[in-house]
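**Student:** from the sequence below, what's the structure:
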Amino acid sequence: MTDREAFLAAVLDLDPAVLHCPVPPFSRAFVHAFTYAQAHLVPMLLRIWPLPDDLPHAAGSGDFARVRRWFDAAGRPALGDLANHFPSNDDWIRGNLGWGAPREQQVLDTALAWAVMNNHLEIADFLLGHGADVNTNWCSHEAASILHELVWHKNYDAMQFLIDHGIDMTIRDYRWGATALGWAAVARPRTRSLYPVLHRLDKAGFIDAERTVTPNGPRARVYRLTKPGRKRLKEIEESWTTLTEGVRRVLRWA
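**Tutor:** Presented below is the predicted three-dimensional model:
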């Protein structure tokens, strides 16, 4: 669906029963809006749900005054009860990221991620100066990095922001062991799906695959690098290192 805003507006104009619920049903609508850089949908979502009063939602919506409210005069986080802040109050989301028990750092890093994803870079800069980690493994589904997520949205300003603030470009995602650069290659417009890439790697003998049962029941195909695949990956990494070092030397003397 390419025009979510028009679709949601059309649905709400039909005056659905959800608009009249004394207690709105549970939803992660705001979470998805901020995670997938759809903060412009928030005004419509507010017709159904109130915006949670916590640090990540303040950061995602670009409300700098509300963000500052969660820090004391010395600049230290003053979050109060963590249970009132996302994702401390969402076991499912924390489970996806492998984050375990609620911690203050998770709140700070989620606030950073939502600020970056929605181009509130002044807020993101503030959060980085007040405890958020640019190298957090936050991502939309499983552990990776904010930079991994950004490549799908082609948000070059936000990518540059993270690079300028020293994000570790070698961070690899949980499932594929790929860097953000690898994700970017897959996200190119001419590459519509990951599966043709996996097929070519399989055919070349660089990976092998097996079907396995996931904890939730459905079968999934799991891919692993073969010995030739690991050798080829090392060659590519060495080639990339040589290239970037050459560029660095050129720029140093430019």
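**Student:** spatially central, which residue of the protein would that be?
**Tutor:** When the chain is reduced to its mean C-alpha position, the closest residue under CA atoms, centre = their mean turns out to be Cys139, at 3.0 Å.
**Student:** quick check: it is in a helix.
**Tutor:** No: note on Cys139: no helix contains this position according to DSSP: H, G, I helix; E, B strand; the rest coil, which reports coil.
**Student:** next one: it from Leu112, what distance?
**Tutor:** When CB to CB, to the nearest Å is the yardstick, Cys139 and Leu112 sit 13 Å from each other. Using the backbone N, CA and C atoms, a C-beta is placed for each residue, glycine as well.
**Student:** next one: Asp173
**Tutor:** From Asp173 over to Leu112 the distance is 18 Å, taken as CB to CB.
**Student:** who has more neighbours, those two?
**Tutor:** The neighbour count for Asp173 versus Leu112, taken as other CB atoms under 10 Å, is higher for Leu112 (28 against 20).
**Student:** mind telling me what element that one is part of?
**Tutor:** Assigned by DSSP states H and E, Leu112 belongs to helix 104-117.
**Student:** swap in Glu237?
**Tutor:** Glu237 belongs to helix 227-253 when elements are defined using DSSP H and E.
**Student:** and what of Met44?
**Tutor:** With DSSP H and E as the criterion, Met44 is inside helix 42-45.
**Student:** which residues touch that helix?
**Tutor:** Outside helix 42-45, the residues that touch it by CB atoms under 8 Å, 6 or more residues apart in numbering are 5, 8-9, 12, 29-30, 33, 51, 61.
**Student:** 10 Å instead, please
**Tutor:** By CB atoms under 10 Å, 6 or more residues apart in numbering, the residues outside helix 42-45 that reach it are 4-5, 8-9, 11-12, 27, 29-30, 32-34, 38-39, 49, 51, 57, 60-62, 118.
**Student:** buried ones from those residues, can you make that a ChimeraX selection?
**Tutor:** A single ChimeraX command is used to select the members of the contacts of helix 42-45 judged buried by 16 or more other CB atoms under 10 Å:
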select :8,29,30,33,34,38,39,49,57,60,61,62,118
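**Student:** can you tell me which of the contacts of helix 42-45 end up in helices?
**Tutor:** Secondary-structure check on those using DSSP state H: residues within helices are 4-5, 8-9, 11-12, 29-30, 32-34, 57, 60.
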